[in-house]
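Engineer: show me the folded form of this:
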Amino acid sequence: MTLDRKHQCSRTMGKLHILMLLVMKTATTQGYGQKQSQTQPEKVKNFEDLYSEGKEAYLDNNFKDCVTTIEAAIKDFKFYTDTVSKCKLKCSRKSEMFPSVLKHSPEIVPFEKLIHETLCVMKCKQKTLSKTRVENIEEKTRTDFETKKPYDFLQLCYYQTGDHQNAANAAFTNLVYNSDHEAMRENLKFYMALPEVDENIVKNLESPDYVEQYLVGTDHYRGEDWEKLIETMEEALKEYLLAEELCRVNCDKPFDMGWYPDFKSSVANHFTFCLKCKMNCAQNLNNFNGEYMDDLLPSFYHYLQFAYYKVGKVEAAAQCTGTYLYLNPDQEDMKGNAVYYKEVEGVNEKWFLPREEAVAYVERDQDEQALLDFIENNYIFDEKEEDSEPERSLENNSSENAVDLDADEFVAKISTNTHQRKSNAMKVLDMNHWDFPEEKDFFTETATKKLVPDIISSKQCQELLDIAQLVAHSGDGYINTPMDRGLDNPHTGSELLKGITIGKLALFVYYGLVDWRYLETLLENAEIMRTETQERLSPDETIYSTYTHLVCRIAKPGPKVRSQTEMSHAFHADNCQLKKNECDPSPPAYSYRDYSALLYLNREFSGGSLVFADRDKGTGKLEITDTVFPQCGKMVVFTSGPESIHGVKPIITGERCTLAMWYSLDKTFEEPEIGLARKLIDFIKADETPPEVIKESLEDLTMFDEKQAKAIAVANGIKKPGHF
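Structural biologist: A predicted model of the protein is given here:
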């Protein structure tokens with residue numbers, strides 16, 4: 001290499017180094033949308049910093065600071081994303097105007113445009129954002145803001161500070177974007193019942209401008225103010241198209257491929273990721289406060305054609321009609337409108353040509369869909385090549401159908417029953433509005449799991465529920481066990497967990513606090529479960545009960561912060577600790593368990609279904625395979641190992657009670673409390689005083705004593721032994 005060549009390379013590397021420094025330097029920003037003074041270069045807090053502080057304040061019960069910091073985080077996130085998106089959009093629109101330095105290499109023109117756009121965006125951000133702003137944000141934080149998770153915390157912090165109207169607003173906002181968040185739906189119901197909350201002004205705090213404009217336009221339609229309808233809908237249409245452009249440019253975001261491909265593979269893969277994101281923008285934008293409008297874009301032109309017709313602008317009405325049919329060609333009413341304009345109004349055929357923005361929209365969508373179809377159909381590599389392609393019909397048979405017209409009745413009237421205004425919150429709380437799955441078990445029986453209906457009667461269910469109401473207490477089954485984490489309910493803070501074991505119930509009987517027949521009832525039902533489980537899973541070998549737990553999970557009243565992935569009992573196996581690639585049988589796992597059984601006692605609650613899952617071999621993620629909805633007398637039995645991974649979905653409202661049992665093939669691990677409880681009953685039935693050794697043995701086994709039992713009796717309202 002010559003000396004001149006070395007200098008040239010040195011200068012080139014220096015320029016690249018400057019570019020990298022510029023990238024690093026511009027990867028900082030400002031927290032409240034204001035430029036940082038050059039004389040004060042200290043780092044400003046971005047939305048990630050503020051969000052973290054807000055969550056800490058929430059955990060510390062400092063709800064006032066929680067409100068302040070999370071509000072600031074949301075404001076900063078909006079400012080930052082709006083700034084970056086507008087910079088990207090501006091630079092994208094200017095891409096054809098950048099002066100080219102290329103003369104002989106057309107194959108790198110796309111990359112030159114990309115370099116120009118990147119530089120343009122960097123300069124644009126530098127003008128608006130603080131130089132000390134950190135832009136390196138964790139993916140989870142971005143996801144939280146995109147899914148409106150901060151409002152989950154904010155609604156509860158508003159409530160705790162007494163701002164109930166804003167609590168309802170925040171809950172509603174979260175629910176608009178997370179329609180299957182049942183816990184948030186219950187929170188909103190709770191807020192709506194408060195006297196301080198006016199349902200008519202509950203609003204989506206993230207509602208886009210085009211949504212508000214569109215809803216105002218529908219009000220003008222009902223009020224028959226056609227001029228204002230035209231003005232409002234034209235503006236709403238512009239805002240909608242702009243929102244989609246901003247959404248699309250915002251799809252230019254990081255993508256973790258999980259591997260390290262070469263340059264071209266990396267570009268193709270990242271481009272496909274961005275393309276799919278862009279094609280989801282229309283669906284995301286069609287969310288009207290929780291209602292999805294599949295035909296939103298055509299509906300703008302529907303309102304406009306009618307309004308233009310009403311003010312005598314037939315040409316504009318015809319163009320909007322043509323535009324609507326260009327977007328949605330099979331709509332019968334609009335085809336009738338087109339015939340009306342031709343036959344009655346004498347409209348020229350060329351007036352039906354669609355508007356330019358709609359043509360550009362459709363052509364772009366068609367090209368992107370064609371490319372995505374090619375990718376999905378061709379990036380399949382296996383031994384068998386599929387040559388067949390689905391046939392696509394290009395004929396529109398419905399166009400031959402005659403349209404009955406009445407010259408005095410304009411066909412274009414929009415059905416008013418689908419456009420009645422209703423308070424936003426009441427729409428969300430309308431249970432018929434949401435697509436809830438029917439409560440039918442989706443369960444496939446295998447050699448390792450069985451579903452057994454009606455093994456006990458409703459009377460027996462109620463007797464077991466009576467026992468739970470009488471003596472079940474918080475923390476039972478976890479406090480003073482190998483799974484003790486110092487929490488009454490280690491699974492979720494949104495529910496109460498109360499339970500009772502055979503050993504503790506026997507002590508309540510021994511102390512004279514409850515009637516012995518409650519204990520006998522529990523033992524009888526436990527034995528029914530054991531024999532039914534043995535018959536179905538181990539017919540040739542005796543199984544022994546190792547632990548019996550009558551347990552109720554109760555949804556805490558009032559609003560709560562619970563993520564959509566949080567469960568009443570997370571996915572687990574019963575004889576090993578579930579880890580990423582294995583199920584560890586070492587302590588505190590109960591490795592001696594071979595079989596498990598769950599007997600449901602009631603259905604007066606929402607949520608709480610039992611789900612089984614398998615790990616996806618490709619992603620390693622747990623995917624639900626079976627769902628069981630509890631009801632009195634229904635029992636599920638299954639093996640206790642990693643082949644039976646299961647969990648419980650959140651209890652949204654009410655109380656869910658279950659008699660749970662675990663079994664071993666090894667008699668060594670048989671539950672000793674069962675034998676002691678039976679001996680206690682025998683002594684009582686014989687009208688003899690039970691020996692002290694029974695009490696002492698039960699107290700040692702359960703780590704429970706008379707003082708604790710009496711405290712529970714007082715708390716549960718037990719005054720004397722109960723009777724059936």
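
Engineer: secondary structure element holding R553?
Structural biologist: In the assignment (DSSP states H and E), R553 maps to strand 544-555.

Engineer: quick check: mean pLDDT across that strand?
Structural biologist: In this model, strand 544-555 has a mean pLDDT of 94.

Engineer: just checking: what are the partner strands of the next helix-or-strand element following it?
Structural biologist: Sequence-wise, the next helix or strand downstream of strand 544-555 (DSSP H and E) is strand 569-572. When pairing is defined by DSSP bridges, strand 569-572 lines up against strand 646-648 (antiparallel).

Engineer: and the contacts of the partner strand?
Structural biologist: 553, 567-573, 608-613, 638 (Cβ atoms under 8 Å, 6 or more residues apart in numbering). Glycine gets a C-beta too; all of them are placed from N, C-alpha and C.

Engineer: which of those are buried? Put it as a PyMOL command.
Structural biologist: Selecting only the buried entries of those in PyMOL, with 16 or more other Cβ atoms under 10 Å as the criterion:
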select buried, resi 553+567+568+569+571+572+573+608+609+610+611+612+613+638
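
Engineer: what's the helix or strand for the residue lying closest to Y547 once chain neighbours are set aside?
Structural biologist: Spatial nearest neighbour of Y547, chain neighbours left out: W662 (4.9 Å); criterion: Cβ to Cβ, 6 or more residues apart in numbering. W662 is part of strand 651-664 when elements are defined by DSSP H and E.

Engineer: need the residues that contact the helix or strand just after that strand.
Structural biologist: The first helix or strand that comes after strand 651-664 along the chain, using DSSP H and E, is helix 672-685. Applying Cβ under 8 Å, 6+ apart, the contact partners of helix 672-685 are 501-503, 505-506, 509-510, 516, 519-520, 523, 526, 545, 548, 689-691, 694, 697-698, 701-702.

Engineer: mind redoing it with 7 Å?
Structural biologist: By Cβ atoms under 7 Å, 6 or more residues apart in numbering, the surrounding residues in contact with helix 672-685 are 501-503, 506, 509-510, 516, 519-520, 523, 545, 689-690, 694, 697-698, 701.

Engineer: other SSEs contacting the longest helix anywhere in the chain?
Structural biologist: When the chain is parsed with DSSP state H, its longest helix is helix 63-93. Packing contacts for helix 63-93, counted by 3 or more Cβ pairs under 7 Å, 6 or more residues apart in numbering; DSSP states H and E, involve helix 47-59, helix 109-128, helix 150-160, helix 226-249.

Engineer: buried stuff in that helix?
Structural biologist: By neighbour count on 16+ other Cβ under 10 Å, the buried set for helix 63-93 is 63, 66-74, 76-77, 79-81, 83-89, 91-92.

Engineer: wait, S179 sits on G290?
Structural biologist: Yes - using Cβ atoms under 7 Å, S179 is in contact with G290, at 5.8 Å.

Engineer: backbone dihedrals for T446, please?
Structural biologist: Dihedral angles of T446 (phi, psi; degrees, to the nearest 10) stand at phi -140, psi -180.

Engineer: cool, and the one 4 residues further on?
Structural biologist: As for K450, its main-chain torsions (degrees, to the nearest 10) stand at phi -140, psi 150.

Engineer: pull the contacting residues for it.
Structural biologist: Contacts of K450 (Cβ under 7 Å, 6+ apart): 536-537, 637.

Engineer: kindly state the pLDDT recorded for it?
Structural biologist: Per-residue pLDDT puts K450 at 96.

Engineer: with E224 instead?
Structural biologist: pLDDT, E224: 90.

Engineer: on that earlier part again, which of the contacts of helix 672-685 fall in helices?
Structural biologist: Among the contacts of helix 672-685, the ones falling in helices (DSSP H) are 502-503, 506, 509-510, 516, 519-520, 523, 694, 697-698, 701.

Engineer: among the residues you listed, who's most crowded?
Structural biologist: Within the ones in helices among the contacts of helix 672-685, most neighbours by other Cβ atoms under 10 Å means A506, with 30 neighbours.
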